[in-house]
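Student: Please find the sequence and the predicted model below.
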Amino acid sequence: MTFHNGQDLTPEDVAQTIRRHSDEATESAALGVLRGITDISVDGDNVVFKLDSGNADLPLLLTDYHLVIQPNGGYDDPLAGIGTGPYQVEVNEPGIRHVSTKYDGYWNDDIGHVASVEVIVMNDPTARTSALQSGQVHIINRVEPRTVALLARMPGVHIESVPSKGHYIFAMHCNTAPFDNADLRMALKLAVDREQMIEQILAGHASVGNDFPINQSYALFPEGVEQRAYDPEQAAFHYKKSGHSGPVLLRTSEVAFPGAVDAAQLYQQQAQAAGIEIQVQREPGDGYWTEVWNAQPFCASYWGGRPTQDSMYSTAYITGADWNDTRFFDEGFDTLIRTARAELDDTKRGEMYREAATKVRDDGGLILPMFNDFLDARREEVQGWVQDPNHETSNLRAATRVWLDQA
């Protein structure tokens with residue numbers, strides 16, 4: 001196996017890559033799932049990890065899409081884009097386009113079937129749809145649910161709808177006023193009519209969420225957790241108990257998730273029945289992921305899910321996680337997740353995950369109305385699509401999996 005620069009891949013490259021991503025000084029989003037690694041060494045052809053505690057999920061965690069193996073771990077030139085995949089980077093213009101061409105030295109003939117791949121950034125959903133219809137592009141992601149039926153009737157277009165681990169959320173910072181008040185958070189959770197939101201915003205292309213980030217796609221899903229329902233009367237009770245008055249500011253944007261602006265406005269209407277005033281502020285798409293998400297105390301967002309329950313919780317919910325976008329800091333929860341990692345008895349581990357889910361649901365700052373279906377669309381000449389619930393566009397691997405039938 002060789003890198004795109006012709007250099008052989010070695011165990012040391014693997015070790016260096018994980019060292020770089022697990023360094024506390026890193027800006028890698030994978031740091032949260034790697035923090036338990038205390039030492040990384042090379043023994044012949046083996047990379048050896050030493051952990052501070054047991055982690056039954058470690059092999060799965062190493063599939064995190066951030067952990068691309070680079071020469072010397074990327075320490076020398078991380079932006080060079082040198083990897084070992086079937087395509088090598090030719091053009092890298094973040095936010096505009098990316099172009100890769102087939103790498104002749106790739107080791108596996110089962111994937112990578114086209115000469116080149118160009119990824120074009122089109123934040124406007126209408127522009128994406130028009131590009132697909134005209135044949136300018138072969139695949140688009142994040143089809144707007146309200147346009148699915150129309151797009152499916154277009155000649156030469158096929159919709160890929162996949163129930164997923166992905167979820168659309170409203171995130172409150174538990175450590176920032178007024179959301180540091182548990183009763184206000186509960187009031188806002190009870191003020192969402194989830195079924196109505198799914199039907200009106202996503203045209204039914206979703207399943208109901210329960211304010212914790214795990215659904216039945218995950219192993220050891222906690223069955224039997226009471227489904228939170230729309231309850232304006234109880235929402236009004238908790239709102240009054242919170243002592244809060246005046247509007248609650250919710251920031252949203254068309255880039256937060258498909259239909260996010262409409263979802264926020266619908267939520268605003270639903271909350272009025274409980275006497276809660278939500279002020280919806282529409283933010284520009286440019287800069288939303290740096291200036292609003294994980295920065296402002298109440299905003300719309302989305303998550304794509306993770307391979308395991310541990311990786312989802314470790315990425316976004318344990319204390320110290322870089323992407324803890326609800327600022328949920330709970331020592332008891334942290335202990336549960338750490339203990340569950342090392343537990344090999346599925347029954348005991350499942351009980352721990354049930355308790356963890358309940359803590360996030362009842363005490364956290366997550367409002368999770370819906371687990372979205374991944375809605376991608378492709379032209380009919382695109383063949384070999386694999387439906388994958390782990391992320392959009394066939395778990396982000398459509399370009400390496402598909403081929404073009406020009407017949």
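Tutor: Structure received.
Student: so which strand or helix has E160?
Tutor: strand 157-163 (DSSP states H and E).
Student: I'd like to know which elements that strand is packed against.
Tutor: If contacts are counted by 3 or more Cβ pairs under 8 Å, 6 or more residues apart in numbering; DSSP states H and E, strand 157-163 sits against helix 148-152, strand 366-379. Quick note: C-beta positions are derived from backbone N, CA and C, even for glycine.
Student: hey, which of these is tucked in deepest?
Tutor: strand 366-379 (a mean of 25; mean count of other Cβ atoms under 10 Å).
Student: which regions of this structure sit below the pLDDT cut-off?
Tutor: For the chain, applying pLDDT under 70 flags the ranges 407.
Student: list the contacts for the residue positioned nearest the centre of it?
Tutor: Taking Cα atoms, centre = their mean, the centroid of the chain lies closest to G304, which sits 2.3 Å from it. The contact partners of G304, by Cβ atoms under 8 Å, 6 or more residues apart in numbering, come to 164-166, 390-392.
Student: in the stretch 51-200 of the chain, which spans are helices?
Tutor: In the stretch 51-200 of the chain, the segments counted as helices under DSSP state H, counting those that start in this stretch are 58-61, 125-134, 148-152, 182-190, 194-202.
Student: Contacts made by the longest one with the rest, please.
Tutor: Think helix 125-134. 120, 122, 136-144, 147, 151, 154, 157, 254, 258, 377-379.
Student: 7 Å - rerun?
Tutor: 122, 137, 140, 142, 144, 147, 151, 154, 157, 258, 377, 379 (Cβ atoms under 7 Å, 6 or more residues apart in numbering).
Student: Out of the residues you listed, which two sit at the greatest distance?
Tutor: Distance extremes for the contacts of helix 125-134: the farthest pair is P258 and R379 at 20.3 Å, using Cβ to Cβ.
Student: And the contacts of helix 125-134, which of them are buried?
Tutor: 122, 137, 140, 142, 144, 147, 151, 157, 258, 377, 379 (16 or more other Cβ atoms under 10 Å).
Student: dump the residue contacts of the last one.
Tutor: Going by Cβ under 7 Å, 6+ apart, R379 touches 132, 135, 138, 156-157.
Student: mind checking which of the helices of the stretch 51-200 of the chain is nearest D45?
Tutor: Each of those has some distance to D45 by Cβ to Cβ; the shortest is helix 58-61, at 16.7 Å.
Student: quick one: contacts of the closest one?
Tutor: So helix 58-61 is contacted by 33, 49, 307-308, 311 (Cβ under 7 Å, 6+ apart).
Student: And that helix, what's buried?
Tutor: 58, 60-61.
Student: Over to stretch 107-116?
Tutor: Buried residues in stretch 107-116, counted by 16+ other Cβ under 10 Å: 111-114.
Student: most surrounded residue in the contacts of helix 58-61?
Tutor: Neighbour counts for the contacts of helix 58-61, by other Cβ atoms under 10 Å, peak at V33, which reaches 31 neighbours.
Student: pretty sure it is touching D64, no?
Tutor: Yes. Here V33 reaches D64: they are 6.2 Å apart, a contact under Cβ atoms under 7 Å.
Student: In this structure H4 contacts Y103, no?
Tutor: Yes. Here H4 reaches Y103: they are 5.5 Å apart, a contact under Cβ under 7 Å.
Student: Could you tell me which residues touch both of the two?
Tutor: Common neighbours of H4 and Y103 (Cβ under 7 Å, 6+ apart) are Q88.
Student: Show me how far the top helix by length along the chain is from its chain's centre.
Tutor: When the chain is parsed with DSSP state H, its longest helix is helix 346-363. Counting by Cα atoms, centre = their mean, to the nearest Å, helix 346-363 is centred 20 Å from the centre of its parent chain.
Student: which residues in the stretch 101-250 of the chain form strands?
Tutor: Remark: strands assigned in the stretch 101-250 of the chain by DSSP state E, counting those that start in this stretch are 116-120, 139-140, 157-163, 167-172, 206-208, 248-252.
Student: what's the angle between the longest one and helix 125-134?
Tutor: With axes from the mean of the first three to the mean of the last three Cα atoms, to 10 degrees applied, the angle from strand 157-163 to helix 125-134 works out at 130 degrees.
Student: Check which residues of strand 157-163 are buried.
Tutor: 157, 159-163.
Student: May I see these arranged in CSV, with distance to V280 as well?
Tutor: As requested, these are exported to CSV (distance: Cβ to Cβ, whole Å):
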residue, distance to V280
V157, 33
I159, 30
E160, 31
S161, 28
V162, 30
P163, 28
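Student: Tell me the one of those residues nearest E27?
Tutor: Among the buried residues of strand 157-163, and counting by Cβ to Cβ, the member closest to E27 is V162, at 30.7 Å.
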